[in-house]
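# Fold the following and give me the result.
(one chain, ligands or ions: 2)
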Amino acid sequence: MKIGDLIVGSKYTNNDICNAFLCSPRGGMRRSKRTNTLVLITNQKSFYDGRWFDNKLYYIGMGSKGSQSLKGNQNITLYESNKNGIDVHLFEAFRSKVNTYMGRVQLADKPFQEKQDDVDGQLRKVWVFPLQIIGNTMPVRMDELEKAFQDEFNESKQLSIEELKDRINKTAKHPSSRESTLRVFQKSPYIIDYTLRRASGVCELCNQKAPFNKPNGEHYLEVHHIHQLADGGEDTTENAVALCPNCHRMMHSLNRKSDIDMLILANKAKKT
Ligand SMILES: [Zn+2]
Ligand SMILES: [Zn+2]
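Ligands and ions are numbered 1, 2, ... in the order given. Next up, the predicted model:
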């Protein structure tokens, strides 16, 4: 694999990255003299890593203990990257072993210092590098962000309440924000309308009346696809049911076979 073969938005293993850039297999900043590149790997899950605002990544430099320095490490390489002729490439690891290639990046503004705790909880100064992607950007996929969130949430559950409070104290009050893409299914409005009419205000799973009415007086129910569209389910009246919000959440959380069977039966019985 060569650097030129990398495709923005595609996923690569650590091995792929080492083969393409001829760089070290470790570290978030990898300088390769052989390919005259600097490879940055930012981990969305890592507590100390950068944050995104306005399509800029505020990347935190090297050094996990004590104040970060611009001497004797790759921080200086990145600091001078707009004039030292070294190409900087960015990968984002949304989960530990998968790295998404984001493309080449350059400094968007002058790097600056800010205060942050180090791994031992000591306040120190870090270098922050505002980076922007050169050329076409590939918005991150929503499901990647959701998976990363879920991984971090699962890890959070292993923390003691003290550790959890400590994390909360160190969490930026303004969260990262960035553009992302979402795969959208264009559901037929006719199927939805038909399904809601068929239910006539009664949840097709628990058979209770809709919990409230909308301002226009219509019963509030949600249309759910028994076999989900994302899994190849069809957008048909046979596959669509109207559910109260509780049952809808329950189907997405549990998706029990007994409930599915009941919905299929209810659907068949009402067929006109
Ligand atoms: Zn219900
Ligand atoms: Zn649903």
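# residues in contact with residue 212?
residue 220 (CB atoms under 8 Å, 6 or more residues apart in numbering). In this view, the C-beta of every residue, glycine as well, is placed from N, C-alpha and C.
# Phi first, then psi, for it.
Per-residue torsions, residue 212: phi -160, psi 170 (degrees, to the nearest 10).
# Okay, it and ligand 1: tell me how far apart.
13 Å (CB to the ion, to the nearest Å).
# distance of that residue from residue 240?
Between residue 212 and residue 240 the computed distance is 21 Å (CB to CB, to the nearest Å).
# all helices for the stretch 51-200 of the chain, in order.
Using DSSP state H, counting those that start in this stretch, the helices of the stretch 51-200 of the chain run over residues 74-79, 142-156, 161-170, 189-199.
# most neighbours per residue, which of those helices?
Highest mean neighbour count among the helices of the stretch 51-200 of the chain (mean count of other CB atoms under 10 Å): helix 74-79, with a mean of 20.
# Contacts for it, please.
Residues outside helix 74-79 that contact it (CB under 8 Å, 6+ apart) are 29-31, 38, 40, 59, 61-63, 68-70, 84, 86, 88, 107, 111, 127, 129.
# Relative to the whole chain's centre, how far out is that helix?
Here helix 74-79 is found 27 Å from its chain centre; the criterion is CA atoms, centre = their mean, to the nearest Å.
# Just the C-alpha atoms of that helix, please, in CSV.
Output of helix 74-79 as CSV, limited to C-alpha atoms (Å, rounded to 0.1, in the frame of the first residue of the first chain):
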residue,chain,number,x,y,z
GLN,A,74,7.2,15.9,17.1
ASN,A,75,5.4,18.9,18.5
ILE,A,76,7.9,21.1,16.8
THR,A,77,7.4,19.2,13.5
LEU,A,78,3.7,20.0,13.6
TYR,A,79,4.4,23.5,14.8
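# What about the contacts of helix 74-79, which are in strands?
Counting by DSSP state E, the contacts of helix 74-79 place 29-31, 38, 40, 59, 88, 107, 127, 129 in strands.
# right, and the pair among the residues you listed with maximum separation?
By the measure CB to CB, 30 and 107 form the most distant pair in these, at 17.8 Å.
# thinking again about what came up before, nearest to residue 11, of the helices of the stretch 51-200 of the chain?
helix 142-156 (9.4 Å).
# what helices or strands is that closest one leaning on?
Contacts defined by 3 or more CB pairs under 8 Å, 6 or more residues apart in numbering; DSSP states H and E place helix 142-156 against strand 87-95, strand 180-181.
# residues making contact with the longest one?
By CB under 8 Å, 6+ apart, the list of residues contacting strand 87-95 from outside reads 3, 6, 12, 17, 21, 36-45, 57, 78, 81, 99-106, 131, 133, 140, 144-145, 147-148, 151.
# Can you flag the buried ones in these?
When the contacts of strand 87-95 are checked for burial by 16 or more other CB atoms under 10 Å, the buried set is 3, 6, 12, 17, 21, 37-44, 57, 78, 81, 99-105, 131, 133, 140, 144, 148.
# what about residue 11, neighbour count?
Neighbour count for residue 11, taken as other CB atoms under 10 Å: 16.
# List the contacts of it.
98-101.
# Try it again at 10 Å.
91, 93-95, 97-101, 144 (CB atoms under 10 Å, 6 or more residues apart in numbering).
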